[in-house]
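Undergrad: Next input, structure requested:
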Amino acid sequence: MIEGKIIDVIIPAYNEENSIPLVLNDIPDFVRSVVVVNNNSTDNTATVALENGAVVLLEERQGYGSACLKGIEYLKDKENKPDIVVFLDADYSDYPTEMEKIIAPILREDMDMVIGSRALGDKEDGSMLPQQIVGNKIATILMKLIYGVKFTDLGPFRAIKFNKLLEIDMRDKDYGWTVEMQIKAVKNKLTYCEVPVSYRKRVGASKIAGTFKGTVMAGYKIIFTLFKYA
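TA: Numbers count the residues shown, from 1 in each chain. This next block holds a predicted model:
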């Protein structure tokens, strides 16, 4: 805990046996529990995560959002629910050591949600593929045009008050998860901000941006979600 707040982390993971121990090793001590949601991996992700101290859940339905929703349901059932939930990726592209920076606006300024912005922070060369950069730019421009809000990123490293997370009633089961959260935060009048975060090349190959199919599907779903809630 930090400043009397219970902080839990949810990490969706699909075939990340090489990176997940690095991520878990860098989780700050103030975190109560780390929930790794094994999203139907075919490697030893679940075993390695357990060996490194995580709570491991299985979500057989493939999809980033499905894994996140599984983690939320687990935390909803705990007697002592978290005050803040942090989401980050399992591929070690995010810096878990920067978590205090992510939650600081919630603790100090009573923000409801904080997005870690790779666009405002330091990106290692090659950490984001050209299609990711362009897709991110298009999505944030559309968000400004449709909803009148300014975001610079749809980054996965983010924190949100748990009660507010439940309030916005997340539904997306795959690629639209991050943009859905940001749109619903705006529509539900949550307070929010962005903080710059560092970003590095992931361990292993990307399952989404690294494939043509994944890039197309992710782009389509993000744009669909943007207009869905307009």
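Undergrad: can we go C-alpha only for contacts and neighbour counts from here?
TA: Fine.
Undergrad: so who does the residue nearest in space to the middle of the chain touch?
TA: The residue lying closest to the centre of the chain (CA atoms, centre = their mean) is residue 156, at 3.2 Å. Residues near residue 156 by CA atoms under 8 Å, 6 or more residues apart in numbering: 87, 88, 89, 115, 116, 178.
Undergrad: Specify which member of these is nearest to residue 126.
TA: Among the contacts of residue 156, residue 89 lies closest to residue 126 (CA to CA), at 17.1 Å.
Undergrad: ok, and what's touching stretch 55-67?
TA: By CA under 8 Å, 6+ apart, the surrounding residues in contact with stretch 55-67 are 12-13, 33-40, 46, 49-50, 70-71, 171-177.
Undergrad: Give me the buried entries from the residues you listed.
TA: Among the contacts of stretch 55-67, those scoring as buried are 12-13, 33-40, 46, 49, 70-71, 172-177 (criterion: 16 or more other CA atoms under 10 Å).
Undergrad: Is the residue nearest to the centre of the chain part of a helix or strand, or is it coil?
TA: The local conformation at residue 156, judged by DSSP: H, G, I helix; E, B strand; the rest coil, is coil.
Undergrad: do the one 10 residues further on as well
TA: The three-state assignment at residue 166 reads helix, by three-state DSSP.
Undergrad: distance of it from residue 151?
TA: Distance from residue 166 to residue 151, counting by CA to CA, to the nearest Å: 22 Å.
Undergrad: The two: which has the busier surroundings?
TA: residue 151 (19 against 13; other CA atoms under 10 Å).
Undergrad: Does residue 202 touch residue 92 like I think?
TA: Yes - when contacts are counted by CA atoms under 8 Å, residue 202 is listed as touching residue 92 (5.6 Å).
Undergrad: Please identify which of these two sits among more neighbours.
TA: It is residue 92, of residue 202 and residue 92, that has more neighbours when counted by other CA under 10 Å, with 23 against 17.
Undergrad: who's in contact with the more buried one?
TA: Neighbouring residues of residue 92 by CA under 8 Å, 6+ apart: 19, 20, 22, 23, 200, 201, 202, 203.
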